[in-house]
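Peer 1: What shape does this take:
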Amino acid sequence: MDKDGKGDSPKEFEPPCLECLKGFKPHPSDIYTPEEMRKINIAVLKERGVTVEDIAELAYENQRKYLPDLKLSEMQDSVLEILSKREQFHAILLAVNLDFLAEKNVIMEPLRSILNHDLGLFGLDECIAIGISGNYGTIGITNFGHLDVTKPGKISELNDSKTHDNCFLDDIVGALAAVAAVRVAQMHAVAHPKVLGPHRGMDV
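Peer 2: From the prediction side, this is the model:
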């Protein structure tokens with residue numbers, strides 16, 4: 001009974017939450033440091049079944065035939081760097097929230113079923129991924145497009161999952177791998193420029 005004798009007060013609705021974000025205290029400004037964003041991104045992705053190594057492996061396989069001296073550790077460092085960027089931070093949080101809430105049946109119909117089934121005609125998941133890859137120019141977008149079509153490794157695993165809704169996450173992982181690969185490829189191009197006639201000395 002409550003103090004007015006009218007019975008128990010209704011419990012306040014508690015939305016489902018990832019374990020790694022339970023009790024999280026947001027910053028008053030909603031602005032986080034690169035280190036904070038990287039830490040949150042890694043924790044959120046890990047709880048959804050994706051590690052830094054998973055993304056680095058995708059990026060490495062994407063570039064190794066073009067860069068014979070490429071090391072997996074370079075891709076891991078590149079992934080860690082892009083996970084500290086605000087654009088990726090916001091995209092990962094948005095994507096994982098939508099997947100997670102759809103999975104918990106908290107999102108309203110008809111959107112819930114569209115996300116549950118990862119409807120092929122639904123393209124906003126790719127739009128967010130293109131937003132990430134577009135930060136690295138046209139090559140970033142085309143690199144993501146290749147991974148989105150071929151769906152290697154972890155991307156295919158996420159896409160085919162029977163236990164989690166990953167409508168957005170598989171595309172986000174593909175975009176992260178795409179831009180990690182582009183960053184390393186560009187660094188290699190700068191470190192070892194090819195002399196191509198009149199293009200010598202141009203920026204790469």
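Peer 1: List the residues that contact the spatially most central residue of the chain.
Peer 2: For the chain, the residue sitting closest to the mean C-alpha position, by CA atoms, centre = their mean, is Ile172 at 3.5 Å. With contact set as CB atoms under 8 Å, 6 or more residues apart in numbering, Ile172 has these partners: Ala91, Ile92, Ala95, Ile128, Ala129, Ile132. The way it works is simple: take the backbone N, C-alpha and C, and place the C-beta from them, glycine included.
Peer 1: For Met37, list the residues it contacts.
Peer 2: Leu83, Ser84, Lys85, Arg86, Gln88, Phe89.
Peer 1: Span of stretch 106-122 from start to end?
Peer 2: Stretch 106-122 has an end-to-end distance of 19 Å (CA to CA, to the nearest Å).
Peer 1: In strands, which of the contacts of Ile172 appear?
Peer 2: Of those, none are assigned to strands by DSSP state E.
Peer 1: Among the residues you listed, give me the pair with the biggest separation.
Peer 2: Ile92 and Ala129 (10.8 Å; CB to CB).
Peer 1: Would you mind checking the contacts of Ile172 for buried ones?
Peer 2: Buried subset of those (neighbour count, 16 or more other CB atoms under 10 Å): Ala91, Ile92, Ala95, Ile128, Ala129, Ile132.
Peer 1: Adding pLDDT and distance to Ile155, write these out as JSON lines.
Peer 2: Rendered in JSON lines, the data for the buried ones among the contacts of Ile172 read as follows (pLDDT from 0 to 100; distance: CB to CB, whole Å):
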{"residue": "Ala91", "pLDDT": "96", "distance to Ile155": "16"}
{"residue": "Ile92", "pLDDT": "97", "distance to Ile155": "15"}
{"residue": "Ala95", "pLDDT": "96", "distance to Ile155": "14"}
{"residue": "Ile128", "pLDDT": "96", "distance to Ile155": "15"}
{"residue": "Ala129", "pLDDT": "96", "distance to Ile155": "11"}
{"residue": "Ile132", "pLDDT": "95", "distance to Ile155": "14"}
